[in-house]
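Enquirer: got a sequence here, can you model it:
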Amino acid sequence: MRRNRTVPRGQVHRLIHTSEVLGGNLLGDPTERELHVYTPHGYSASARLPLLMDVVGFTGSGLGHTNWKSFTENVPERLDRLIGEGKMGPVVVAFPDCYSRLGGNQYINSAAIGRYEDYLIQEIVPFVEGRFSCGGPDNRAIFGKSSGGFGAITHGLRHGDFWAAIACHSGDMGFEMCYLHDVPKVLNELAKHGRSIEKFIAHFEVAPKPTEDEIAVINLLAMSASYDPDPSCFLGIRMPVDLYTAEVIPERWKNWLAWDPALTADKYADHLRRLKGIYIDCGDHDQYTLHYGARRLHRALERLGIAHVYEEFPDDHTAVDYRMDKSLPFLERALRKQ
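Expert: Residues are numbered from 1 along each chain as shown. Sure, this is the predicted structure:
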């Protein structure tokens, strides 16, 4: 729903991309995906615009961000307003579909879910930049919320030589708080299926209406397949806890923590220093306790002397797309820096 009907509309281009790097994924997910790309009103190939990559949260797809929404804007409508009102300059935005059989992914390479880190960097960005006048070195950024926020900050940590700026909204971090608190109810649900992940998945995929606890199970299974996959297991899923006692398995959990952004700023400090802009925010009572992980990352960046913007706002994890009114202009301004 357009909140400012006086500003000119951009265009959403609906393209098809066939991936090579996602081929052979253990989940059997398709390699042909729809890809939406926003170009602003007045777009011309004569001017090279910044490229922003929108990576969405778990259970979402980039295609969901271009859908019509009641009582609020989708992302193209938000961009029209921000650009039309002069709050940011024109940009091209890519909305990749990275949905998976397990409900999504963390935008990293996984032997179970697929090579989504490579998918974005090696395929989607070149595909978009080859068709539109946008991006290039020092002129591309990645942003997202929740799992997308994790993806954005992790790409910044690992690929400061590729992305020039990042924005992380309510990103997954502080893993022992945001993931382990769900373990008891996840194991209770699995116990209904003989503690068999395969039997649970078979049930889940035909359930007419999954329960909230079943969604918690699929989330933890997807995170397991992301952070510590084992191709010898069903769908590559290996849990970090004992399924009977709920005890954390140290060697498994260590592999998870290697991906926790709240713990890895020191390791990737050189990449972070190359970025032209880092934006991090989180609701101050996020129901998944992500504000505590965000505070840890913020403190680490301060200690390392890495310039960034950190904001907490009076809200939780749900329906906070309005925060893009802050991050999208920030990214566009950051990319304009020489």
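Enquirer: off-centre distance for stretch 284-295?
Expert: The chain centroid and the centroid of stretch 284-295 are separated by 16 Å under C-alpha atoms, centre = their mean, to the nearest Å.
Enquirer: list the buried residues in it.
Expert: Of all the residues in stretch 284-295, those buried under the rule 16 or more other C-beta atoms under 10 Å are 286, 288-295. (Each C-beta comes from the backbone N, C-alpha and C, glycine too.)
Enquirer: and for Met223, nearest residue in space, chain neighbours not counted?
Expert: Excluding its sequence neighbours, the residue lying closest to Met223 (C-beta to C-beta, 6 or more residues apart in numbering) is Tyr179, at 6.1 Å.
Enquirer: to clarify, my last question referred to Ile121.
Expert: Take Ile121 and drop its neighbours on the chain: the residue closest to it by C-beta to C-beta, 6+ apart is Phe162, 5.8 Å away.
Enquirer: the one you found in helix, strand or coil?
Expert: Each residue gets one of three states, and Phe162 gets coil by DSSP: H, G, I helix; E, B strand; the rest coil.
Enquirer: for Asp281, same thing?
Expert: The three-state label given to Asp281 by three-state DSSP is strand.
Enquirer: for burial, what's the neighbour tally of the nearest residue to Ala47 once chain neighbours are set aside?
Expert: Ranked by C-beta to C-beta, 6+ apart and with sequence neighbours excluded, the top spatial neighbour of Ala47 is Ser133, at 6.5 Å. By other C-beta atoms under 10 Å, 16 other residues sit near Ser133.
Enquirer: Ser133 contacts Pro50, correct?
Expert: No: in terms of C-beta atoms under 8 Å, Ser133 does not count as a neighbour of Pro50; the distance is 10.9 Å.
Enquirer: let me see the domain layout of the protein.
Expert: 11-174+262-336, 177-257 (automatic domain parsing).
Enquirer: could you pull out the strands in the stretch 151-300 of the chain for me?
Expert: With DSSP state E, counting those that start in this stretch, the ranges of strands along the stretch 151-300 of the chain come out as 165-169, 277-283.
Enquirer: mean confidence (pLDDT) on the first one, please.
Expert: Mean per-residue pLDDT for strand 165-169: 99.
Enquirer: list the contacts of that strand.
Expert: Residues lying outside strand 165-169 but in contact with it, judged by C-beta atoms under 8 Å, 6 or more residues apart in numbering, are 141-146, 148-150, 152-153, 155-156, 261, 275-282, 320, 323-324, 327-328, 330-331, 334-335.
Enquirer: narrow these to those in helices?
Expert: For these, membership in helices holds for 148-150, 152-153, 155-156, 324, 327-328, 330-331, 334-335, with DSSP state H as the criterion.
Enquirer: ends of stretch 304-313, how far apart?
Expert: Between the opening and closing residues of stretch 304-313 lies a distance of 24 Å (C-alpha to C-alpha, to the nearest Å).
Enquirer: so what's the most centrally placed residue in the chain closest to, chain neighbours aside?
Expert: When the chain is reduced to its mean C-alpha position, the nearest residue by C-alpha atoms, centre = their mean turns out to be Gly148, at 1.3 Å. What sits nearest to Gly148 in space, not counting adjacent residues and going by C-beta to C-beta, 6+ apart, is Val55, at 4.0 Å.
Enquirer: so what's the residue nearest to the centre of the chain up against?
Expert: Gly148 neighbours (C-beta under 8 Å, 6+ apart): 54-57, 60, 107, 169, 171.
Enquirer: repeat for Trp163
Expert: 140-142, 155-156, 275.
Enquirer: swap the cut-off to 6 Å and go again
Expert: Residues in contact with Trp163 (C-beta atoms under 6 Å, 6 or more residues apart in numbering) are 140, 142, 155.
Enquirer: hmm, the second one is touching Gly151, no?
Expert: No: the pair Ile142 / Gly151 is not scored as a contact, 7.2 Å apart, by C-beta atoms under 6 Å.
Enquirer: once you drop chain neighbours, what's closest to Gly144?
Expert: Distances taken as C-beta to C-beta, 6+ apart put Val55 closest to Gly144, at 3.8 Å, once the chain neighbours are dropped.
Enquirer: the one you found contacts Tyr107, correct?
Expert: Yes: under the criterion of C-beta under 6 Å, Val55 lies in contact with Tyr107, with a separation of 5.4 Å.
Enquirer: how close does the nearest residue to Leu331 once chain neighbours are set aside get to Pro30?
Expert: For Leu331, ignoring the flanking residues on the chain, the nearest one in space by C-beta to C-beta, 6+ apart is Ala141 at 4.4 Å. Between Ala141 and Pro30 the computed distance is 27 Å (C-beta to C-beta, to the nearest Å).
Enquirer: of those two, who's got more company?
Expert: For Ala141 versus Pro30, the count of surrounding residues by other C-beta under 10 Å is larger for Ala141: 30 against 12.
Enquirer: kindly state the beta-bridge partners for that one.
Expert: Going by DSSP bridges, Ala141 is paired in beta bridges with Leu52, Ala165.
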